[in-house]
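Asks: Any chance you could fold what I've pasted below:
(one chain, ligands or ions: 1)
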Amino acid sequence: MQISPGLYRHYKGSEYFVYRIATHSETREALVVYRCLYGDFSWWVRPLSMFIETVLIDSEEIPRFDFVAPMSIAEADRRALGEGSAPQTSEEDVQWMREAMQLAERAADNDEVPVGAVVVKDGQIVGRGYNRPIGGCDPTAHAEVMAVREAARNLENYRLSGCTLYVTLEPCTMCVGAMVHSRIERLVFGASEPKSGVVHSQAQLLESPFFNHQVGVTPGVESEACQTQLQAFFKRRRAEKKRG
Ligand SMILES: [Zn+2]
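Replies: Numbers count the residues shown, from 1 in each chain. So this is what the prediction gives:
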């Protein structure tokens, strides 16, 4: 099991927030920095192996921890402060995320990593985008940037106030920048991107105080379906490569 930041449930039911995976500077041991979401909400650093281990219950091996959903440090703080659980995903969010997933399929059809995005304002899609950096010979042609560009053209406004961006994968540094520049009001994303995601995986850029615009974030909408879409693409591509 790969451990990425987010909400985990211990097999006995208690919840934990994994903040990050670190490496001990001397022993090079992989460590997990996490917080208990019960009791005194204390922070801990423990070996990564503890999170990956299975336990034997009634001669059945079950994982000690199960991944539940992505979670930002701000959400974990809210829970610790007793301000209720993470906001529930609305039906509307799921509906728009499915639109984004359909666009991601178009990227896959063109042999590009399947990421799709839509910009929604007042219950309507105003911008659509899918990943096409290779075909477009454009390193900036990520789904989010394409959707933001189309929305700005459609609304004839370089500011996208009141707009929500739905994207199937946690955004990268460039796309977070595009969201701040365009004044996107809210970001909803599907799967986490442990390697280059900067909303909660590698960094929490949108929580930076130096940005002059705040973007609200809802992570993990249809995350499993988005993850499956990506995995299916890479699996198919590996198989094609093997066949040569
Ligand atoms: Zn990007």
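Asks: all helices of the protein, in order?
Replies: Listed in chain order, the helices of the chain (DSSP state H) span 48-52, 73-80, 91-109, 143-155, 173-182, 223-243.
Asks: So which elements touch the second one?
Replies: What that stands for is helix 73-80. strand 15-23 (3 or more CB pairs under 8 Å, 6 or more residues apart in numbering; DSSP states H and E). In short, each C-beta sits where N, CA and C put it, glycine included.
Asks: List the contacts of the strand it packs on.
Replies: Residues outside strand 15-23 that contact it (CB atoms under 8 Å, 6 or more residues apart in numbering) are 3-10, 29-38, 43, 45, 48, 51, 65, 68, 71, 73, 76, 79.
Asks: re earlier: out of the helices of the chain, deepest packed?
Replies: Most buried of these, by mean neighbour count (mean count of other CB atoms under 10 Å): helix 143-155, with a mean of 22.
Asks: Which neighbouring elements make contact with it?
Replies: Going by 3+ CB pairs under 8 Å, 6+ apart, helix 143-155 lies up against helix 91-109, strand 116-121, strand 124-130, strand 164-169, helix 173-182.
Asks: Out of those, flag the one nearest the ion.
Replies: When the helices and strands packed on helix 143-155 are compared by CB to the ion, helix 173-182 sits nearest the ion, at 3.4 Å.
Asks: Would you mind getting the angle between that closest one and strand 116-121?
Replies: Going by axes from the mean of the first three to the mean of the last three CA atoms, to 10 degrees, helix 173-182 is angled at 10 degrees with respect to strand 116-121.
Asks: Residue numbers of the protein in contact with the ion?
Replies: 142, 172, 174, 175 (CB under 5 Å from the ion).
Asks: Contacts only, for the third one.
Replies: Contacts here follow CB under 8 Å, 6+ apart; on that basis residue 174 touches 140, 142, 145.
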